[in-house]
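> no FASTA, just this:
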Ligand code: ZN
């Protein structure tokens with residue numbers, strides 16, 4: 001039986017707080033608009049205090065946070081939101097505030113790492129030990145597990161900002177990233193599509209050349225990740241991927257670019273089961289936060 005835990009999906013516009021044990025057992029849930037850190041985190045803490053009175057003790061709380069953040073437990077600024085452009089939220093001790101107020105162990109990670117964790121635990125990533133989750137939306141972020149553990153290292157992966165070939169003849173659009181211009185995010189995030197084609201990406205018809213170009217950029221990135229990290233499965237989420245024909249174009253292009261060099265049936269003949277859509281939908285943030293909290297309890301690091 002999984003332990004009763006709390007989860008916070010902390011986004012730039014809303015927080016979702018929940019208490020439960022898993023996908024079939026979310027006991028209660030609260031949505032809060034993200035305002036100031038004091039007000040928003042205070043509201044979340046009061047929710048968990050009242051839940052604890054109602055349901056009994058929680059074993060841990062997991063937080064899936066917008067970033068950039070410091071998720072490295074040995075770091076002096078572990079648990080902080082660090083250099084975010086969101087006003088008032090820079091250099092905030094998020095996990096520490098929650099942990100001290102509730103006297104409870106807190107797991108803290110990026111929203112994409114948590115998305116990878118939850119797909120691995122209950123969704124499209126079950127049964128493997130090496131997994132990448134990439135979200136393609138307002139920005140592009142990536143996270144995942146290597147040998148069953150979330151990737152951290154120096155800080156955390158920033159898979160959206162890798163450099164990929166950009167043929168300026170075919171695509172003169174200079175790129176959207178304020179740091180790098182035409183990095184992966186700069187070329188392939190939702191706002192880049194909107195700017196390049198001068199219309200909202202969701203209104204581009206399925207046969208528009210935008211989608212082949214998008215698939216090409218995403219496939220170039222995936223080929224880099226496949227060659228460097230050797231993932232056993234890749235989950236593609238985010239608003240841009242809701243265009244249902246896109247994932248098939250990406251699969252075809254990945255096979256074409258690898259040119260049978262990576263000799264795995266996952267890529268050569270079962271690519272439909274290798275590059276997949278997420279399975280958990282809207283609930284993945286809070287469920288991922290549950291999974292993070294339960295991982296903390298299971299590892300006895302609290
Ligand atoms: Zn960039």
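Good, I have the coordinates. Bear in mind the structure is a predicted one, so any value in this text is a computation, not a measurement.

> other SSEs contacting the least confident helix or strand in the chain by mean pLDDT?
Lowest by mean pLDDT, DSSP states H and E among the helices and strands of the chain is strand 149-150, with a mean of 92. Using 3 or more Cβ pairs under 8 Å, 6 or more residues apart in numbering; DSSP states H and E as the contact test, the elements touching strand 149-150 are helix 111-122. Every C-beta, even on glycine, is put in place using the N, C-alpha and C of the backbone.

> The helix it packs on: how far from the chain's middle?
7 Å (Cα atoms, centre = their mean, to the nearest Å).

> What is the next helix or strand after it packed up against?
Sequence order places strand 131-136 as the next helix or strand after helix 111-122, per DSSP states H and E. Applying 3+ Cβ pairs under 8 Å, 6+ apart, we find strand 131-136 packed against helix 111-122, strand 140-146, helix 209-229, strand 233-237.

> quick one: strand 131-136 to strand 233-237, angle?
On the basis of axes from the mean of the first three to the mean of the last three Cα atoms, to 10 degrees, strand 131-136 is oriented at 20 degrees to strand 233-237.

> deepest of the helices and strands packed on strand 131-136, which one?
Most buried of the helices and strands packed on strand 131-136 by mean neighbour count (mean count of other Cβ atoms under 10 Å) is helix 111-122; its value is a mean of 28.

> Which neighbouring elements make contact with that helix?
Partner elements for helix 111-122 (3+ Cβ pairs under 8 Å, 6+ apart): strand 61-65, strand 131-136, strand 140-146, strand 149-150, strand 233-237, helix 284-299.

> Redo those as a markdown table? Include distance to residue 260.
Below are those laid out as a markdown table (distance: least, Cβ to Cβ, whole Å):
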| stretch | distance to residue 260 |
| --- | --- |
| strand 61-65 | 38 |
| strand 131-136 | 21 |
| strand 140-146 | 24 |
| strand 149-150 | 31 |
| strand 233-237 | 18 |
| helix 284-299 | 34 |
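
> Point me to the residue of the stretch 201-302 of the chain nearest the ion.
Nearest to the ion in the stretch 201-302 of the chain, going by Cβ to the ion, is residue 221, at a distance of 12.0 Å.

> Spatially nearest residue to that residue (excluding sequence neighbours)?
Sequence neighbours aside, residue 184 is the residue nearest to residue 221 in space, at 4.9 Å (criterion: Cβ to Cβ, 6 or more residues apart in numbering).

> And for residue 48?
residue 6 (5.1 Å).

> Hmm, the one you found is touching residue 51, no?
Yes. Residue 6 is within contact range of residue 51, at 7.1 Å (criterion: Cβ atoms under 8 Å).

> what about these two, which has more around it?
The residue with more neighbours, out of residue 6 and residue 51, is residue 6; 30 against 20, by other Cβ atoms under 10 Å.

> The more buried one belongs to a helix?
No. Counting by DSSP: H, G, I helix; E, B strand; the rest coil, residue 6 falls outside a helix, being strand.

> Now do the contacts for it.
Neighbour list for residue 6: 17-19, 48, 51, 58, 60-62, 104, 289, 293 [criterion: Cβ atoms under 8 Å, 6 or more residues apart in numbering].

> Just send those residues back as TSV, with pLDDT and distance to the ion too.
Formatted as TSV, these follow (pLDDT from 0 to 100; distance: Cβ to the ion, whole Å):
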residue	pLDDT	distance to the ion
17	98	31
18	98	32
19	98	37
48	98	36
51	98	39
58	98	38
60	98	34
61	98	32
62	98	28
104	97	36
289	98	27
293	98	31
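
> and the nearest residue to residue 124 once chain neighbours are set aside, backbone torsions?
Nearest non-adjacent residue to residue 124, counting by Cβ to Cβ, 6+ apart: residue 279, 4.2 Å away. Per-residue torsions, residue 279: phi -110, psi -10 (degrees, to the nearest 10).
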